[in-house]
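Q: would you be able to build a 3D model of this:
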Amino acid sequence: MGDKKRVLVIFGGQSSEHEVSRISAASILKNINSDKFDVSMMGITKDGKWLPYNGPIDKIPSGEWEQIALKDGTRSIPDKMNLVDSIVSLKDDTGELDKTLASDGKGKKIDVVFPVLHGCNGEDGTIQGLFELAGIPYVGCGVLASAVGMDKIYAKIIFEKAGIPQADYLYFTRKEIAGDIESVVDKIEGKFEYPIFVKPSNAGSSVGVTKAHDKNELKEALIYAAKYDRKVLIEEFINGREVECAVLGNDEPIASTVGEVIPGNEFYDYKAKYIDNSSKIKIPADLPEETVEKIRSYAIKAFKALDCAGLSRVDFFVHKETGEVYINEINTLPGFTSISMYPMLWEESGIPYSELIERLIDLAIERFKDNLKEYSE
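A: Residues are numbered from 1 along each chain as shown. Below is the predicted model:
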């Protein structure tokens, strides 16, 4: 067969979801088709060091990979290197990817990067911008979609413009909360009844999210959320079932079947997702066909509204009494762990895990070619 595509999988990152990223990356690395792809690995530590990694995949989820990489003597990108230097270091003077990021040290061109990076500094458009400037194809959404999808407040503004039903909301800055929390609480209580959801605008995996049941809990929730981001989102409570839909594609995306999350805790928080395994997932969700199709339609509409590419998982509420559908949020780089909804939804829809990875890589290259610009006159 012809030459394999060379794929660089990047994991870890400076994010509250660093650990989740490692688990997702290990799952992808174990399932990627080695007959078609020549895979290199790059880990980003919590303090921002980029370390090429050649060790066992099963040492990635635990974090043991970092010491192995350091003992191997692999070269990290210098701690104090600025953004321009970092971008230059991605390529050599022939325009090929430098061996700094090719962990086998051969300095061969990387065909595509698979950034398995959840949360800030990985899912928010920052690293996507780095790849854009360096001219490297990468899996997933571009800078705009990644940034807006990560920012819950601005995503809600776009969903509102697109006509997708959602919970009512308010938002405040960290300074507003610190400066006059009583005034902030008064405004919230003047608009919503308890319980109320309080969330950092830029965070994933329900990190920093609280369901407040009274004034004291609301104050605590505001202070807690503000630790994770300078903007805090407040949402009305929707008495709904939590359902999710996966989207795959570029300009002509397709939607998967719909799955339901049955939280083990009061809501589907970080602990319920990744620690105590108390939540249950039902695929396909037990919903009327009309509701399923409405969710799938809204998922594609949200994907297109943000100009997403490659993949996204779109989360919804189905009101327990009225059956109405409300969009909750979009995840532009959803989890790929063994219990993650995104690959499970596509498995149920007829696309196995390994094929899903292959499709995402092909979509990345397709999008890169489609985005090429002509600057000469």
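
Q: following element in sequence after the worst-scoring helix or strand of the chain on mean pLDDT, please.
A: Every helix and strand of the chain was ranked by mean pLDDT, DSSP states H and E. The lowest is helix 83-89, at a mean of 43. Sequence-wise, the next helix or strand downstream of helix 83-89 (DSSP states H and E) is strand 112-116.

Q: off-centre distance for that next one?
A: 13 Å (C-alpha atoms, centre = their mean, to the nearest Å).

Q: so what touches that strand?
A: Contact with strand 112-116 is made by 5-11, 21, 24-25, 28, 122, 127-128, 131, 136-140, 333, 336, 357, 360-361, 364-365, 368, as judged by C-beta atoms under 8 Å, 6 or more residues apart in numbering. (C-beta placed from N, C-alpha, C; glycine too.)

Q: show me what the helix or strand just after it is packed against.
A: Beyond strand 112-116 on the C-terminal side, the first helix or strand identified by DSSP H and E is helix 126-134. If you count contacts as 3 or more C-beta pairs under 8 Å, 6 or more residues apart in numbering; DSSP states H and E, helix 126-134 packs onto helix 83-89, strand 112-116, helix 143-150.

Q: quick revisit: strands - which of the contacts of strand 112-116 land there?
A: Within those, residues falling in strands by DSSP state E are 5-11.

Q: and the contacts of stretch 31-45?
A: Against stretch 31-45 from outside (C-beta under 8 Å, 6+ apart): 1, 4-14, 22, 25, 29, 50-54, 60, 65-66, 69, 101-104, 110, 117, 353-354, 357-358, 361.

Q: give me the distance between the helix or strand hosting Ser354 and the centre of its chain.
A: Secondary structure assignment for Ser354, by DSSP H and E: helix 353-370. Relative to the mean C-alpha coordinate of its chain, helix 353-370 is positioned 17 Å out (C-alpha atoms, centre = their mean).

Q: before we move on, what about stretch 254-267?
A: How far stretch 254-267 lies from its chain's middle: 16 Å, per C-alpha atoms, centre = their mean.

Q: which residues does that stretch contact?
A: 197, 206, 209, 211, 241-248, 268-269, 271-272, 276-287, 292, 295-297, 299-300, 341, 344-346, 348-349.

Q: please redo it, this time with the cut-off set to 7 Å
A: Contact with stretch 254-267 is made by 211, 241-248, 268, 271-272, 276, 278-285, 287, 292, 295-296, 299-300, 341, 344-346, 348-349, as judged by C-beta atoms under 7 Å, 6 or more residues apart in numbering.

Q: so of the residues you listed, which ones are in strands?
A: 211, 241-248, 280-282.

Q: can you pick the most crowded of these?
A: Ala246 (29 neighbours; other C-beta atoms under 10 Å).

Q: contacts only, for that residue.
A: 256, 313, 342, 345-346.

Q: could I get these as TSV with neighbour count and distance to Ser40?
A: Shown next, in TSV, are the contacts of Ala246 (neighbours: other C-beta atoms under 10 Å; distance: C-beta to C-beta, whole Å):
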residue	neighbour count	distance to Ser40
Ser256	26	30
Arg313	24	26
Tyr342	25	23
Leu345	26	28
Trp346	21	25
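
Q: widest-spaced pair of the ones in strands among the contacts of stretch 254-267?
A: With C-beta to C-beta as the measure, no two of these lie farther apart than Lys211 and Leu248, at 31.5 Å.

Q: export the ones in strands among the contacts of stretch 254-267 as TSV, with columns for pLDDT.
A: Formatted as TSV, these follow (pLDDT from 0 to 100):
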residue	pLDDT
Lys211	94
Arg241	95
Glu242	96
Val243	97
Glu244	98
Cys245	98
Ala246	98
Val247	98
Leu248	98
Lys280	87
Ile281	92
Lys282	95
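
Q: from these, which is closest to Lys320?
A: Arg241 (6.2 Å).

Q: so that closest one sits right up against His319, yeah?
A: No. Under the criterion of C-beta atoms under 7 Å, Arg241 is not in contact with His319, lying 8.1 Å apart.

Q: for stretch 128-144, buried residues please.
A: 128-132, 134, 136-143 (16 or more other C-beta atoms under 10 Å).

Q: out of the residues you listed, show me where the pLDDT dips lowest.
A: In terms of pLDDT, Ala134 ranks lowest among the buried residues of stretch 128-144, with 83.

Q: what about that residue, distance to Ala309?
A: Computed as C-beta to C-beta, to the nearest Å, the Ala134 to Ala309 distance reads 18 Å.

Q: same check on Glu242?
A: Taking C-beta to C-beta, one finds Glu242 at 25 Å from Ala309.

Q: next: Pro165.
A: Counting by C-beta to C-beta, the gap from Pro165 to Ala309 is 25 Å.

Q: looking at the two, which is more packed in?
A: More neighbours surround Ala309 than the other of Pro165 and Ala309, with 28 against 16 (other C-beta under 10 Å).

Q: who's in contact with that one?
A: So Ala309 contacts 140-142, 145, 250, 363, 367 (C-beta under 7 Å, 6+ apart).

Q: max pairwise distance over these: which two?
A: Ala145 and Leu363 (13.3 Å).

Q: now do the same end-to-end measure for stretch 316-327.
A: 4 Å (C-alpha to C-alpha, to the nearest Å).

Q: neighbouring contacts of it?
A: Contacts for stretch 316-327 (C-beta under 7 Å, 6+ apart): 159, 164-167, 238-243, 287, 291, 294-295, 298, 302, 314, 328.

Q: got a PyMOL select line for the buried ones in the residues you listed?
A: Of those, the buried ones go into a single PyMOL selection, burial set by 16+ other C-beta under 10 Å:
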select buried, resi 159+164+165+166+167+238+240+241+242+243+287+291+294+295+298+302+314+328
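
Q: now, the contacts of stretch 316-327 that are in helices?
A: The members of those that map onto helices under DSSP state H are 159, 291, 294-295, 298, 302.

Q: what's the farthest-apart pair in these?
A: Most distant of these, by C-beta to C-beta, are Phe159 and Thr291, 18.4 Å apart.
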